[in-house]
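[1] sequence plus predicted model, see below.
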Amino acid sequence: MDHNNRTEKKYMSPEKMKPINPLSEIIKLLDEGGATYRIISHTPVYTSAQAEAISGLSLNQGAKVMLLRTEDKFVLAVLPGDKRVDFKKVSQYLGAKKVGLATEEEVKGVMHCDLGACYPFGSFIGIRTIADPLLKEEEIIAFNPGVNDQTIIMGSGEYFKIAVPEVLPITK
């Protein structure tokens with residue numbers, strides 16, 4: 001696939017993005033995709049380690065989601081909870097001079113959620129999604145659905161089928 005010719009949504013300031021309810025949108029997306037999943041309600045968690053303790057899954061089964069920002073656009077990076085994003089790899093892949101983490105205000109404005117609650121589906125907010133292939137090695141993955149007090153657990157194959165992220169090694 002030629003990624004250089006793909007149409008991408010350019011950076012839009014968070015103030016101009018229409019508000020959404022991520023949890024509702026994700027459930028709708030999963031239901032429409034025929035996914036089998038379960039939702040666990042729990043006390044709020046803000047880190048991959050806290051989520052691991054709640055879900056009962058290993059850290060590498062947790063899908064850590066980071067909203068990244070280039071000079072002119074946002075991109076979602078989805079990786080195992082025990083890994084770190086390799087900004088150099090992401091920068092090279094995107095053809096960007098600089099890639100960094102979005103600010104807390106940008107996360108709230110773009111994803112309509114708090115830090116630590118980012119979800120791995122960029123499609124309904126018009127954000128390009130990149131997932132590390134290591135997540136495909138896990139039978140089951142877990143992630144926050146835009147809130148810190150719930151976790152969705154589902155098959156990784158179903159996640160990749162529904163989210164249709166670009167798959168590329170983005171971890172250190």
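    The structure has been received and is ready for your questions.

[2] my read is that Leu76 contacts Ser123, right?
    No - contact criterion C-beta atoms under 8 Å: Leu76 and Ser123 do not qualify, at 9.7 Å. C-beta: built from backbone N, CA, C; applies to glycine.

[3] any shared contact partners between these two?
    Counting by C-beta atoms under 8 Å, 6 or more residues apart in numbering, the common neighbours of Leu76 and Ser123 are Thr129.

[4] how much space between the residue lying closest to Tyr37 once chain neighbours are set aside and Leu134?
    Excluding the flanking residues, the one nearest Tyr37 by C-beta to C-beta, 6 or more residues apart in numbering is Met154, at 3.8 Å. In this view, Met154 and Leu134 are 17 Å apart by C-beta to C-beta, to the nearest Å.

[5] now do the strands in this structure.
    37-41, 63-69, 74-80, 100-101, 128-131, 140-143, 150-155, 166-167 (DSSP state E).

[6] deepest of those, which one?
    Among those, ranked by average contacts under mean count of other C-beta atoms under 10 Å, first place goes to strand 74-80 (a mean of 25).

[7] and the angle from that one to strand 63-69?
    160 degrees (axes from the mean of the first three to the mean of the last three C-alpha atoms, to 10 degrees).

[8] which strands or helices does the longest helix seen in the chain pack on?
    Using DSSP state H to define each element, the chain has its longest helix at helix 22-32. For helix 22-32, the packing partners by 3 or more C-beta pairs under 8 Å, 6 or more residues apart in numbering; DSSP states H and E come out as strand 150-155.
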